[in-house]
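Chemist: All I have is the shape, not the residue letters:
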């Protein structure tokens with residue numbers, strides 16, 4: 001009897017020591033369940049996932065205090081302490097809020113909508129502030145590396161000596177990508193030359209990428225897509241960042257950014273000095289990285305007239321002197337044998353003026369104006385080319401945001417004029433004026449369905465009338481699974497400035513014959529699906545699958561063979577280019593570890609006169625992988641791997657695949673961080689496969705560039721934040 005009583009007391013004591021925790025996890029904005037959300041007691045290594053009603057049950061919890069973490073991918077974690085046994089046995093309710101900018105709950109600028117990215121049917125890719133902070137440490141002087149790490153985007157070097165590069169989206173030439181800053185088209189035509197190797201990343205808040213035909217939004221040029229660089233704005237909290245970076249090729253980057261709001265006045269200021277010594281990695285006597293000195297100064301003033309009116313005025317300035325070629329010539333030791341060089345001098349000025357006014361019912365009026373001037377001179381032995389482009393852009397729009405139906409209407413005027421300043425037998429002067437009107441709408445009839453439509457009509461001074469519709473649909477099947485479908489039209493008015501003419505230095509390139517050249521037009525569409533969930537209650541998984549197609553009609557191409565006078569002319573191809581394929585992006589996170597993997601398949605072909613050829617400089621297969629370990633707020637370690645598959649060059653030759661790898665590390669204190677990077681430490685470069693040039697030292701003929709030319713680069717520096 002005594003033994004039985006002891007056993008009963010032990011069982012009762014054990015039962016009292018074990019407790020149950022029941023919680024319902026809901027979306028904070030909609031109060032809907034989050035199936036798959038998890039509750040976990042890390043100290044006990046015990047957790048469970050929510051059912052279809054958002055309910056999670058944890059059992060066998062010992063008495064005492066326990067910290068329980070509730071989490072779901074794309075939402076902010078909630079950690080609470082509970083004393084067991086609980087005073088009340090009721091089911092608890094926990095509301096999880098979206099995780100903010102890092103995971104996509106930001107209001108995007110590119111589509112002119114006031115909705116967050118989660119309610120935008122257009123497939124926008126966001127390079128967030130956190131990613132930008134990481135990439136600034138790797139390449140603080142320009143955005144080339146930053147853009148090349150996105151699936152479907154390739155930065156193509158077009159000059160062996162100047163290192164000029166353009167942006168190719170989904171296999172199409174760089175001239176078909178529209179580059180914006182805060183919605184201003186500052187880098188078109190002649191000004192696109194050297195642009196991505198001169199634009200700094202330190203003053204950027206985020207980058208928005210819209211792939212596919214998108215001329216409905218900002219007019220001509222966005223056939224392959226558009227990239228919008230969103231700069232930082234001042235807040236009541238001061239931001240002051242100073243960065244210094246140095247690498248083994250004697251590149252020195254010194255830059256600083258300041259932002260602060262003082263009541264009705266706000267100010268941002270970016271300044272930089274970037275220098276580089278000429279560097280010959282393969283010891284063939286010619287520079288693989290040119291020598292340059294560049295100064296940048298970008299002030300911007302904000303005036304908050306009242307709570308409904310904001311006025312801003314900014315100025316961008318860049319001055320650069322770039323010299324590449326024979327290393328002896330660069331060093332100032334030219335002789336009868338060593339004579340080849342290429343010098344580029346550029347001056348870039350642009351203003352950005354903007355007024356935002358909120359009127360009745362939260363409607364908004366926006367006036368934007370920019371004026372830009374870009375002057376460039378290109379000099380080679382016995383030849384020089386140079387000119388000045390002056391462009392302006394003015395836009396007035398009216399936005400009416402509403403919960404269910406939002407719409408925007410507006411009109412814009414765009415002028416572009418190039419005047420050649422260095423005389424040649426074939427001056428490339430041109431002018432173009434475009435007037436346009438547009439209307440966009442965003443309709444959200446239910447919490448699951450969002451429809452976005454747009455229509456633009458442009459009329460150019462070349463008497464071309466373009467009508468450009470666009471439509472996108474977003475459907476949210478569940479908190480885990482969403483899908484988008486969209487398509488639209490694009491166009492581009494031909495100019496003499498393209499990858500092919502840039503490679504020739506515009507030498508012997510004939511002016512445009514506007515009586516025969518046609519406006520380039522395109523049609524494109526894409527569909528993508530996004531799935532996110534939790535694995536094993538601790539690993540978050542996100543998968544995005546995109547399919548795309550673009551057809552470019554009568555593209556303007558520079559003839560590959562000269563005429564009887566040795567001159568090259570632009571003509572409208574008798575056919576079209578089509579690019580189709582898919583992109584797969586996967587993200588896995590576990591505690592402090594994150595794995596990003598991307599695969600791009602592009603099948604881009606030219607179909608001219610019944611002859612089908614592979615689009616040059618377009619690899620069918622590309623892989624990008626990043627493994628990141630981040631111990632907030634101190635340590636960040638990263639490993640990157642790229643695979644670029646076989647590709648063809650302009651003459652049809654096939655070039656082999658190659659791998660590129662890099663590692664990085666950054667350690668942060670309260671106000672200072674130190675960083676080191678080893679980019680391309682496997683030293684993959686084109687000169688390992690073939691010589692950089694043919695011909696003679698006096699008259700080199702540089703081969704098409706299809707792989708890195710600079711090889712292994714290691715750098716280090718510090719960031720000071722106050």
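Modeler: The structure has been received and is ready for your questions. The structure presented is a predicted model; accordingly, all values stated were derived computationally and were not measured. Numbers count the residues shown, from 1 in each chain.
Chemist: Is residue 707 in a helix, a strand, or coil?
Modeler: coil (DSSP: H, G, I helix; E, B strand; the rest coil).
Chemist: ditto for residue 666
Modeler: strand.
Chemist: For it, give its distance to residue 447.
Modeler: According to CB to CB, to the nearest Å, residue 666 and residue 447 sit 40 Å apart. C-beta here means a position set from N, CA and C on the backbone, and glycine is covered the same way.
Chemist: What count of nearby residues applies to residue 446?
Modeler: 9 (other CB atoms under 10 Å).
Chemist: if we can go back for a sec, between residue 666 and residue 447, which one's more packed in?
Modeler: Under the neighbour definition other CB under 10 Å, residue 666 and residue 447 were set side by side, and residue 666 has more, 21 against 11.
Chemist: Phi and psi next, for the residue nearest to the more buried one when sequence neighbours are not counted.
Modeler: Excluding the flanking residues, the one nearest residue 666 by CB to CB, 6 or more residues apart in numbering is residue 675, at 4.1 Å. When quoted as degrees, to the nearest 10, the phi and psi of residue 675 stand at phi -140, psi 150.
Chemist: Residue 675: neighbouring residues, count only.
Modeler: 22.
Chemist: Provide the partner residues of it in its beta bridges.
Modeler: Beta-bridge pairing of residue 675 under DSSP bridges involves residue 666, residue 717.
Chemist: any idea how far residue 668 is from it?
Modeler: Separation of residue 675 from residue 668 (CB to CB) stands at 9 Å.
Chemist: How about residue 559?
Modeler: For residue 559, the distance to residue 668 - CB to CB - is 54 Å.
Chemist: swap in residue 703?
Modeler: Here residue 703 is placed at a distance of 43 Å from residue 668 (CB to CB).
Chemist: And residue 694, by the same measure?
Modeler: For residue 694, the distance to residue 668 - CB to CB - is 49 Å.
Chemist: same question, residue 569
Modeler: Residue 569 is 56 Å from residue 668, by CB to CB.
Chemist: Which parts of this structure belong to which domain?
Modeler: 18-96, 230-721 (automatic domain parsing).
Chemist: Now find how far off-centre the first one is within its chain.
Modeler: So the one you mean is domain 18-96. Taking the mean of its C-alpha atoms, domain 18-96 sits 37 Å from the chain's own mean (CA atoms, centre = their mean, to the nearest Å).
Chemist: Quick check: end-to-end length of that domain?
Modeler: Length of domain 18-96, first residue to last, CA to CA, to the nearest Å: 27 Å.
Chemist: likewise stretch 179-186?
Modeler: For stretch 179-186, the end-to-end distance is 7 Å (CA to CA).
Chemist: Tell me the helix or strand right after the worst-scoring helix or strand of the chain on mean pLDDT.
Modeler: Ranked by mean pLDDT, DSSP states H and E, the weakest helix or strand in the chain is helix 2-17, scoring a mean of 45. Per DSSP states H and E, helix 2-17 leads on to strand 18-27 as the next helix or strand towards the C-terminus.
Chemist: And the contacts of that next one?
Modeler: 32-34, 37, 39, 50, 53-63, 68, 70, 72, 75, 82, 84-86, 91-96, 479 (CB atoms under 8 Å, 6 or more residues apart in numbering).
Chemist: who's the nearest residue to residue 119 once chain neighbours are set aside bridged to?
Modeler: Take residue 119 and drop its neighbours on the chain: the residue closest to it by CB to CB, 6+ apart is residue 450, 5.4 Å away. In this structure, residue 450 bridges to residue 474 when assessed by DSSP bridges.
Chemist: And residue 450, what's its pLDDT?
Modeler: On the pLDDT scale, residue 450 is placed at 94.
Chemist: can you pull the contacts of it?
Modeler: Per CB under 8 Å, 6+ apart, neighbours of residue 450: 115, 119-121, 442-444, 473-475.
Chemist: what's the answer for residue 233, then?
Modeler: Residue 233 touches 205, 259, 266, 268, 302, counting by CB under 8 Å, 6+ apart.
Chemist: ok, now residue 481?
Modeler: Taking CB under 8 Å, 6+ apart as the test, what residue 481 contacts is 529-531.
Chemist: between these, which is closest to residue 131?
Modeler: Using CB to CB, residue 530 is the member of the contacts of residue 481 that lies nearest residue 131, at 18.1 Å.
Chemist: Which secondary structure state is assigned to that closest one?
Modeler: Residue 530 ends up strand, using three-state DSSP.
Chemist: Please report how far it lies from residue 475.
Modeler: 11 Å.
Chemist: same check, this time on residue 692
Modeler: 51 Å.
Chemist: swap in residue 184?
Modeler: 33 Å.
Chemist: Between the two, tell me which one has more neighbours.
Modeler: Legend: neighbour count by other CB under 10 Å for residue 184 and residue 475, higher for residue 184 (23 against 15).
Chemist: Give the bridge partners for that one, please.
Modeler: residue 181.
Chemist: Report the contact partners of it.
Modeler: 350, 352, 368, 370, 393.
Chemist: what's next to stretch 255-265, contact-wise?
Modeler: Contacts for stretch 255-265 (CB under 8 Å, 6+ apart): 140, 200, 202-203, 232-243, 266-274, 296, 301-305.
Chemist: How about stretch 668-675?
Modeler: Contacts for stretch 668-675 (CB under 8 Å, 6+ apart): 137, 633-636, 664-667, 716-722.
Chemist: how about residue 461, phi and psi?
Modeler: Torsion angles, degrees, to the nearest 10, at residue 461: phi -70, psi -10.
Chemist: how far away is the nearest residue to it once chain neighbours are set aside from residue 463?
Modeler: Nearest residue to residue 461, sequence neighbours excluded (CB to CB, 6+ apart): residue 433, at 4.2 Å. Going from residue 433 to residue 463 by CB to CB gives 11 Å.
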